[in-house]
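Visitor: One predicted model, sequence on top.
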Amino acid sequence: MRYVLIGGSAAAVSAVEAIRSVDKLSPIDLFSDEKTPLFSRVLLPYYVAEELSKPLLNFRSADFFEENKVTAHIGVRVREIDPQSKTAAADDGNTYAYDKLLLATGGNAIIPKIPGVDKEGISPLKTMQDAENIYNFKGDRAVVIGAGSIGVESCISLMRRGVRVTLLEQLGHVLPTVFDDEAAGIIRNLIEQMGIEVITGERAIEFTGNGRVQSVVTSTGEIECDNVILSVGVRPAVELAEKAGIEIGMMGGITTDGGMMTSCQDIYAAGDVCETFDIARNQIFINAIWPMAVEQGRIAGSNMAGQDKQYGGSVRMNSIGNFIGIPAMSMGVTRTDECSYADEECHFQEIKKRTQNTYKKIILKNGCIVGAIFIGVGQTQRSGIISILLRRQIDVSDYIQALMSNNLNFMDILPLLRRYGDKFTEPEYKELMDTGL
Ligand SMILES: Cc1cc2nc3c(=O)[nH]c(=O)nc-3n(C[C@H](O)[C@H](O)[C@H](O)COP(=O)(O)OP(=O)(O)OC[C@H]3O[C@@H](n4cnc5c(N)ncnc54)[C@H](O)[C@@H]3O)c2cc1C
């Protein structure tokens, strides 16, 4: 058996571990076109903030590839795969044969087509090279365009380095895909209290400057700046798959089946590049977050090595607490209007609890949790329980009071685990139920 893995990040690394848990010896060739191996993308904002040095960004030890008998082609791009001859052609001039291949190519930062976007001092934050560019930015005024998670993290990182930052978002509130209006309002206040200027409902229409960016022209004004971070989203890196005739889905990612195989026999996909079944939305979606890439890589790797594992589906989860200073996280859908699949049979409920400094919301569809928001001290600790109930789509109608309580405890939901025993077959749950606690 010969394995070729394209991508060297969350999904590919967890696929390596899954393959090696079954197949100790077969050759694995892994390709990553980024020059720095094994860094965690999630930690790049901390690097930009000068809070973590480069070695501290690693999520596996430097000898990971050697220990796992992986031939790592770092800084080498795969330019084509040929499913007929089962080969991958790389930029090093060589062609590599495979029996099983994994596409874990992640996503590319979207560069909006705004006049002047190619000026010096403008960068997305996606790759290690981007992080280094931003780290080396000169000047003391920056604009961050796009107030998604990465945009908000980027502006706080720059602010922590003493840069004066404006956050510009064309939609009505910050973190529009991650929190509802109420939660976004709390977070916006916190960001503004840090000294960051937040402008919503306004879009960038031009970058001015002679070679280097000098200002961002918006629909109603102009913001002078030395640098710009573009944070308007990520698009699945499907070029290799498209060229090879592999099916691309409605969301623009690679289509996968329940075992993470693509439309092409022996070619698998995992991570930000692929579409999976979203449990909360009850539809195919791309949940481009690290833990989902790890899970999908694990399933793909196991199946590439001959096992028969099924992926249970993905759920979006985002936490911004480390940046804004108070715990803040959300999962699944945050507003019922995101549930485009809703039909007449669906009954939605939004249960909210708000105090001056905290906010908690749970969204139910036909009694099952499809989304939740937790903001404030003491709110997020029990989010793990909510996440378990969401992922297994358990009817929690009789447990709403317990779920909204700050003292929610695993024991509170033990009767539910017993009632839905067929959905909790793992040893840890069995043990809990058997002990009768
Ligand atoms: C700044 C930032 C902060 C983030 N913060 C969080 C967070 O707090 N929590 C969270 O859950 N997620 C976060 N994410 C998202 C998370 O990093 C991604 O979901 C995760 O990295 C996806 O892993 P992946 O393996 O699918 O792809 P990627 O990490 O995108 O890696 C794909 C790799 O494949 C390489 N590649 C692509 N094409 C080729 C080719 N043809 N040949 C060779 N190599 C190729 C790419 O260059 C890249 O190195 C963040 C992302 C960014 C950018």
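Guide: The structure has been received and is ready for your questions. If you're wondering where the values come from, they're calculated on a predicted model, not measured in any experiment.
Visitor: same question for stretch 110-121, mean pLDDT?
Guide: For stretch 110-121, mean pLDDT rounds to 97.
Visitor: Any idea how far apart the tips of that stretch sit?
Guide: In terms of Cα to Cα, to the nearest Å, the two terminal residues of stretch 110-121 are separated by 16 Å.
Visitor: who's in contact with that stretch?
Guide: Stretch 110-121 has contacts (Cβ atoms under 8 Å, 6 or more residues apart in numbering) with 124, 137-139, 145, 204-209, 211-213, 226-228, 230, 232-235. For glycine as for every other residue, the C-beta is placed from the backbone atoms N, C-alpha and C.
Visitor: Could you list the domains of this structure?
Guide: 3-108+235-304, 122-230, 327-436 (automatic domain parsing).
Visitor: Need these in TSV (columns: distance to the ligand).
Guide: TSV is the format used below for the domains of the chain (distance: least, Cβ to the nearest ligand atom, whole Å):
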stretch	distance to the ligand
domain 3-108+235-304	2
domain 122-230	5
domain 327-436	10
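Visitor: Next, format these as a markdown table and append mean neighbour count and distance to Arg316.
Guide: Shown next, in a markdown table, are the domains of the chain (neighbours: other Cβ atoms under 10 Å; distance: least, Cβ to Cβ, whole Å):
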| stretch | mean neighbour count | distance to Arg316 |
| --- | --- | --- |
| domain 3-108+235-304 | 20 | 5 |
| domain 122-230 | 19 | 8 |
| domain 327-436 | 16 | 6 |
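Visitor: Can you convert those domains into JSON lines and add a column each for distance to Gly321?
Guide: JSON lines is the format used below for those (distance: least, Cβ to Cβ, whole Å):
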{"stretch": "domain 3-108+235-304", "distance to Gly321": "13"}
{"stretch": "domain 122-230", "distance to Gly321": "10"}
{"stretch": "domain 327-436", "distance to Gly321": "4"}
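Visitor: rank these by pLDDT, which is bottom?
Guide: Among the domains of the chain, domain 327-436 scores lowest, at a mean of 87.
Visitor: How far off centre is that one?
Guide: With Cα atoms, centre = their mean, to the nearest Å as the basis, domain 327-436 stands 21 Å off its chain's centre.
Visitor: Just the helices from the stretch 201-350 of the chain, written as ranges.
Guide: 239-243, 290-304, 321-324 (DSSP state H, counting those that start in this stretch).
Visitor: Next, see if the shortest one gets close to the ligand.
Guide: No - taking Cβ under 6 Å from any ligand atom as the criterion, helix 321-324 and the ligand are apart, separated by no less than 8.3 Å.
Visitor: Tell me the helices and strands packed up against that helix.
Guide: On a contact count with 3 or more Cβ pairs under 8 Å, 6 or more residues apart in numbering; DSSP states H and E, helix 321-324 meets helix 149-160, helix 181-193.
Visitor: can I get those in JSON lines with distance to Gly249?
Guide: Shown next, in JSON lines, are the helices and strands packed on helix 321-324 (distance: least, Cβ to Cβ, whole Å):
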{"stretch": "helix 149-160", "distance to Gly249": "23"}
{"stretch": "helix 181-193", "distance to Gly249": "29"}
